[in-house]
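[1] Mind looking at a prediction? Sequence and model below.
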Amino acid sequence: MQLSDLSGIGKKTEQVFKRAGIERVEDLVSYYPRYYDTFEEPVLVPDLECDKTQAVYATVVREPVIRRVKRLVIVQGFLRDQQGNGLLATWFNAPFLKGKLTIGSKFVFRGFVKEKNGSFVMDQPKMFGIQEYERKMGTMQPIYPLVSGLTNNMVQKAVKQAFSLVPVEEVLPMELIAKNQFIGRKEALYQIHYPKNTKEMIDARNRLVFDEFFFFIYSLKQLKENNQRLTNKNLLEEPKEVRELIDSLPYELTNAQLRTWNEIKEDFLSNRAMNRLVQGDVGSGKTIIAMLALITAALNGKQGALMAPTEVLARQHFENLVELLEEHQIPITPVVLVGSMTAKEKREAYAMIESGQAQIIIGTHALIQEKVTYDRLALVITDEQHRFGVRQREAIFEKGDAPHVLVMSATPIPRTLAIIMYGDLDISIIDELPANRQPIANCVVGKDYRPNAYDFMKKQIAQGRQVYVICPTVEYSEAVEGENVIEYADKLTKLMPPSIQVSYLHGRMKASEKNEIMERFAKNEIQILVSTTVVEVGVNVPNATVMMVENAERFGLAQLHQLRGRVGRGKHQSYCIFMNGSGKKDASERLNILCKSNDGFFIANEDLRLRGPGDFFGVRQSGDFEFRLGDIMNDSNTLKKASDAVNEISDGKIELSEPALKTLNQYNQNQINI
């Protein structure tokens with residue numbers, strides 16, 4: 001059913017929904033809320049907490065003041081609660097409120113609380129009548145992920161219509177539903193959008209997360225069975241040039257690197273095609289292993305391809321490979337293929353790949369486009385594979401004749417979960433860091449440390465170094481409490497001397513914009529880069545020595561460890577400052593685990609051990625993988641249950657229903673997010 005069939009959605013609005021990934025009416029029921037806005041009981045002014053959305057029952061005690069700053073109209077309201085405590089409320093571009101804020105009028109004011117000059121200030125509060133607010137108290141309003149032009153209200157109206165039009169089939173066998181005490185799928189989908197309380201939301205989420213994991217793992221199991229039937233049509237022997245290259249490197253490979261390389265060489269000569277994951281901590285030396293494998297394929301008269309998640313990273317891999325080949329005088333022709341290349345550059349690359357002139361191909365998703373025809377593709381490497389997904393891995397696999405597949409990941413996942421998540425792959429772990437890596441100096445601090453942190457940044461920049469600042473959100477949002485990239489970059493620009501260039505980076509920017517910013521940062525044209533977690537997988541900037549993570553308590557430890565891997569990549573001592581924005585003691589204790597160890601696998605296991613029932617409203621903990629709701633760290637128990645259920649079905653103990661088989665078929669064809 002077309003979106004334009006819904007009331008209030010014309011052709012123009014339909015395109016806005018499509019930009020959010022909503023193609024048809026059926027997609028709306030599984031377009032899950034990102035957060036819920038819970039209306040809590042109003043508090044007195046002294047009980048307000050900073051950086052949090054709260055409500056106060058208050059009286060207007062003075063005429064509002066209206067000021068104009070350039071094009072901005074600022075309205076200030078002066079309020080007092082029942083005990084006479086004062087509160088300043090600020091609105092932007094809302095001069096019409098002057099007539100509503102009459103002296104003596106009483107409202108429940110609900111907004112984001114900040115502290116300014118020792119007093120509380122409420123930003124952009126919404127105003128409710130007392131009875132109106134009482135009706136909303138305790139309810140959970142869904143807040144959806146949005147794109148430009150799409151409002152929360154538009155999504156809410158469309159979802160409500162979709163539920164009356166879309167039939168929802170049960171996809172799990174009744175035995176699994178009963179065994180796990182799940183609610184039905186139709187009920188779960190409705191409750192995830194319209195929970196009456198937290199329990200209803202959790203019940204719905206548990207069921208839908210299980211569905212996501214179940215079909216993902218079942219699909220992987222089928223994939224593994226298919227892969228195990230593939231004979232090795234590309235026998236690759238280690239050439240003498242590769243042995244000489246290893247011996248002449250300016251550093252010795254660690255025992256873990258050598259063990260991994262030996263496992264890959266065995267796969268190259270075994271009776272079935274390789275399907276291997278190389279999991280290694282940030283800086284453990286996975287890239288050189290990938291380069292050795294690509295060179296081996298090329299010197300055996302075949303082609304090797306490496307697919308990276310970003311253009312910046314693809315170009316960096318390409319430049320490193322060219323340098324390695326030239327330095328060791330190895331006669332191989334590599335080519336790079338990325339989306340931003342001109343049509344002429346792409347045509348030239350396609351011709352080189354198809355003719356076999358290009359023996360090593362490095363690029364992004366451009367490598368799997370229909371126009372790309374390989375001559376004799378024998379090896380496919382994907383870097384940070386969870387950002388591609390199983391189906392995209394398969395798409396490049398199908399470009400060759402049963403090529404070897406090597407998957408690289410720096411995401412530190414506990415082995416118990418990695419075995420489930422990478423069910424179609426053999427696993428190699430590089431669990432040693434090169435001897436020349438300097439440990440990063442870490443500290444966990446409160447918000448009052450910020451002036452010291454800014455002074456430290458200035459000193460490091462004066463020595464020629466660079467800085468990352470990580471914020472949890474792109475821009476201010478009522479639903480998400482914490483620092484945001486756009487405002488923070490503006491604040492730092494004003495605080496830092498004019499000689500220090502500050503810029504920002506986030507996932508909503510166009511690929512060309514992101515590439516330009518990262519390249520300027522790599523050249524030290526930008527000294528401070530304020531970013532979301534989009535830099536988690538990014539360009540190598542050895543000159544960056546400081547990372548400060550704002551609201552660090554809102555991230556998983558494994559993700560924070562990934563982020564700090566952006567520094568400590570050069571010869572200079574590096575530092576990581578974790579800012580505990582909540583001020584809570586238990587948050588500081590959890591963050592201090594990062595100060596005890598720089599070992600990603602230790603941290604991932606500690607992260608898993610400390611997990612409670614799941615931070616359903618917080619920032620995702622372990623990367624997106626392919627899930628809309630599920631998070632393998634927060635939902636590790638559900639992941640294990642789904643894995644057990646798949647095993648029961650494989651063993652013939654439980655039979656899949658027709659709707660389940662239909663859903664699985666859809667999943668395999670389209671890599672759908674169910």
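    Good, I have the coordinates. Numbers count the residues shown, from 1 in each chain.

[2] Please make it C-alpha for all contacts and neighbour counts, starting now.
    Noted.

[3] mind listing the helices in the stretch 151-300 of the chain by residue range?
    In the stretch 151-300 of the chain, the segments counted as helices under DSSP state H, counting those that start in this stretch are 152-163, 174-180, 185-193, 198-228, 240-248, 255-269, 286-299.

[4] ok, residues contacting the last one?
    With contacts defined as CA atoms under 8 Å, 6 or more residues apart in numbering, helix 286-299 is touched by 236-239, 242, 257, 260-261, 264, 278, 280, 303-305, 321, 332, 359-360, 378-379, 381, 408, 430.

[5] Kindly report the same for the fifth one.
    With contacts defined as CA under 8 Å, 6+ apart, helix 240-248 is touched by Glu252, Leu253, Leu292, Ile295, Thr296, His328, Ile330.

[6] which one of the helices of the stretch 151-300 of the chain lies closest to Ser657?
    Among the helices of the stretch 151-300 of the chain, the nearest to Ser657 by CA to CA is helix 174-180 (9.0 Å).

[7] Can you point out the buried residues in that closest one?
    Judged by neighbour count using 16 or more other CA atoms under 10 Å, the buried positions of helix 174-180 are Ile177.

[8] Using PDB, write down the CA coordinates of it.
    Taking C-alpha atoms only, helix 174-180 is exported to PDB below (Å, rounded to 0.1, in the frame of the first residue of the first chain):
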ATOM      1  CA  MET A 174       3.500 -21.000  19.600                       C
ATOM      2  CA  GLU A 175       6.000 -23.200  21.500                       C
ATOM      3  CA  LEU A 176       8.600 -20.400  21.600                       C
ATOM      4  CA  ILE A 177       6.000 -17.800  22.500                       C
ATOM      5  CA  ALA A 178       4.700 -19.900  25.500                       C
ATOM      6  CA  LYS A 179       8.200 -21.000  26.600                       C
ATOM      7  CA  ASN A 180       9.500 -17.300  26.700                       C
END
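
[9] Tyr31: what's it in contact with?
    Taking CA under 8 Å, 6+ apart, one finds Ile22, Tyr144 in contact with Tyr31.

[10] Same check on Val535?
    Contacts of Val535 (CA under 8 Å, 6+ apart): Leu563, Arg566.

[11] before we move on, the earlier item: Throw the helices of the stretch 151-300 of the chain into CSV and include mean pLDDT and distance to Glu26, thanks.
    Listed next are the helices of the stretch 151-300 of the chain as CSV, based on pLDDT from 0 to 100; distance: least, CA to CA, whole Å:
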stretch, mean pLDDT, distance to Glu26
helix 152-163, 94, 7
helix 174-180, 92, 23
helix 185-193, 96, 12
helix 198-228, 88, 16
helix 240-248, 95, 53
helix 255-269, 96, 43
helix 286-299, 96, 41
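
[12] Of all these, which one comes closest to Gly581?
    Of all the helices of the stretch 151-300 of the chain, it is helix 198-228 that lies closest to Gly581, at 24.6 Å by CA to CA.

[13] In this model Met633 seems to touch Leu608, though I could be wrong.
    Yes - counting by CA atoms under 8 Å, Met633 is a contact partner of Leu608 at 6.1 Å.

[14] Could you check which of those two is surrounded by more residues?
    Per other CA atoms under 10 Å, whichever of Leu608 and Met633 has more neighbours is Met633, with 25 against 20.

[15] Could you tell me the angle between the host helix or strand of Ala314 and helix 286-299?
    In the assignment (DSSP states H and E), Ala314 maps to helix 311-327. If you take axes from the mean of the first three to the mean of the last three CA atoms, to 10 degrees, helix 311-327 sits at 60 degrees to helix 286-299.

[16] List the strands paired with the helix or strand following helix 311-327, with their directions.
    The helix or strand immediately downstream of helix 311-327 is strand 334-337, counting by DSSP H and E. Neighbouring strands of strand 334-337 in its sheet, by DSSP bridges, are strand 360-363 (parallel).

[17] what's the pLDDT at the spatially closest residue to Lys346 that is not a sequence neighbour?
    Spatial nearest neighbour of Lys346, chain neighbours left out: Leu337 (6.9 Å); criterion: CA to CA, 6 or more residues apart in numbering. In this model, Leu337 is scored at 95, pLDDT.

[18] ditto for Asp644
    For Asp644, pLDDT reads 93.

[19] ok, it to Ile420 distance?
    According to CA to CA, to the nearest Å, Asp644 and Ile420 sit 10 Å apart.

[20] quick one on the thing from earlier: against which helices or strands is the helix holding Ala314 packed?
    Here helix 311-327 touches strand 334-337, strand 360-363, helix 511-522, going by 3 or more CA pairs under 8 Å, 6 or more residues apart in numbering; DSSP states H and E.

[21] Alpha carbons only: can I get the helix or strand just after the first one in PDB?
    Later in the chain than strand 334-337, the nearest helix or strand by DSSP H and E is helix 343-355. Backbone C-alpha positions of helix 343-355 (Å, rounded to 0.1, in the frame of the first residue of the first chain) are rendered in PDB as follows:
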ATOM      1  CA  ALA A 343      31.900   9.500 -14.000                       C
ATOM      2  CA  LYS A 344      35.100   9.400 -16.100                       C
ATOM      3  CA  GLU A 345      37.200   8.200 -13.100                       C
ATOM      4  CA  LYS A 346      34.700   5.500 -12.400                       C
ATOM      5  CA  ARG A 347      34.600   4.300 -16.000                       C
ATOM      6  CA  GLU A 348      38.400   4.000 -16.000                       C
ATOM      7  CA  ALA A 349      38.300   2.000 -12.700                       C
ATOM      8  CA  TYR A 350      35.600  -0.300 -14.000                       C
ATOM      9  CA  ALA A 351      37.600  -1.000 -17.200                       C
ATOM     10  CA  MET A 352      40.800  -1.800 -15.100                       C
ATOM     11  CA  ILE A 353      38.800  -4.100 -12.800                       C
ATOM     12  CA  GLU A 354      37.000  -6.000 -15.600                       C
ATOM     13  CA  SER A 355      40.200  -6.400 -17.700                       C
END
